[in-house]
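[1] structure here, sequence nowhere to be found:
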């Protein structure tokens with residue numbers, strides 16, 4: 001049996017670039033650098049990936065970073081502006097794989113933004129199942145989120161190959177027994193899948 005692909009979404013299928021919007025809102029690269037010096041943006045946003053609501057996120061921003069609270073609120077008010085478009089090549093690869101058999105995903109994604117992503121990027125509806133971190137209250141690289149995908153779909157870890165741009169997430173997939181590919185671009189991914197007998 002061919003191995004079953006399990007995709008990450010952000011920066012593998014859709015190009016999440018929050019600094020583009022942040023720089024626009026803040027007024028330039030120097031202001032963006034000052035923002036990042038004060039705000040651990042990845043940790044703040046990660047709480048939404050793990051299930052925190054927008055209202056609670058904005059309240060936390062007002063409490064912890066009042067000078068940037070309105071800027072942070074705009075991340076979700078203007079969510080589409082943080083995603084310029086799809087990552088070149090990988091949506092076509094996903095569609096071809098989905099035409100041949102089951103394809104899954106595990107994504108760190110706020111629950112309140114995921115339905116918008118499905119509307120904007122219809123290729124994301126091709127998955128057999130998607131574990132969305134914000135919906136399940138687990139976040140990569142916690143091994144539990146990988147095990148959840150396996151358990152709710154009756155999959156064996158050894159039958160799956162996980163694809164992610166983040167090295168800790170790739171390492172966690174291997175920890176639970178999956179094969180894993182560190183994503184760089186679509187041609188390299190197609191080659192790595194082909195080497196495993198997965199032909200799109």
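    Received it, and whenever you're ready, just let me know what you need. Fair warning: this is a prediction, and the values are worked out from it, not measured in the lab.

[2] who does the host helix or strand of residue 5 pair up with?
    Secondary structure from DSSP states H and E places residue 5 in strand 4-7. Applying DSSP bridges, strand 4-7 is found paired with strand 104-107 (parallel), strand 160-164 (parallel).

[3] which residues does the nearest residue to residue 9 once chain neighbours are set aside bridge with?
    Nearest-residue entry for residue 9: residue 107, 3.9 Å, with adjacent residues in sequence omitted and distances by CB to CB, 6 or more residues apart in numbering. From N, CA and C alone the C-beta is placed, and that goes for glycine too. Beta bridges link residue 107 to residue 132 when assigned by DSSP bridges.

[4] low-confidence ranges in the protein?
    Across the chain, the ranges flagged by pLDDT under 70 are 1.

[5] give me that answer again for 80
    Residue ranges of the chain with pLDDT under 80: 1, 199-200.

[6] now do the helices in it.
    Secondary structure of the chain by DSSP state H: the helices cover 18-26, 29-38, 41-49, 54-64, 69-77, 90-100, 114-120, 133-136, 143-153, 167-175, 186-195.

[7] sorry, back to before: centre of the chain versus the strand holding residue 5, how much separation?
    Taking CA atoms, centre = their mean, to the nearest Å, one finds strand 4-7 lying 14 Å from the centre of the chain it belongs to.

[8] which outside residues touch it?
    13, 94, 97, 101-107, 127, 149, 155, 159-163, 173, 178, 193, 198 (CB atoms under 8 Å, 6 or more residues apart in numbering).

[9] one more time with 7 Å
    13, 94, 97, 102-106, 149, 155, 159-163, 193, 198 (CB atoms under 7 Å, 6 or more residues apart in numbering).

[10] repeat that for stretch 30-42.
    18-19, 22-23, 26, 65, 68.

[11] residue 99: what's it in contact with?
    Counting by CB under 7 Å, 6+ apart, residue 99 touches no other residue.

[12] counting neighbours, which of the contacts of strand 4-7 end up buried?
    Burial by neighbour count, 16 or more other CB atoms under 10 Å: within the contacts of strand 4-7 this picks out 13, 94, 97, 103-106, 149, 155, 160-163, 193, 198.

[13] quick one on the thing from earlier: how about the strands paired with strand 4-7 in CSV, adding distance to residue 144?
    Converted to CSV, the strands paired with strand 4-7 look like this (distance: least, CB to CB, whole Å):
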stretch, distance to residue 144
strand 104-107, 11
strand 160-164, 14
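
[14] and residue 134, which of those is closest to it?
    Taking CB to CB, strand 104-107 is the member of the strands paired with strand 4-7 nearest to residue 134, at 9.0 Å.

[15] what residues of stretch 25-34 count as buried?
    Under 16+ other CB under 10 Å, the buried positions of stretch 25-34 are 25-26, 32.

[16] kindly report the same for stretch 163-173.
    Within stretch 163-173, the residues scored as buried using 16+ other CB under 10 Å are 163-166, 169-170, 172-173.
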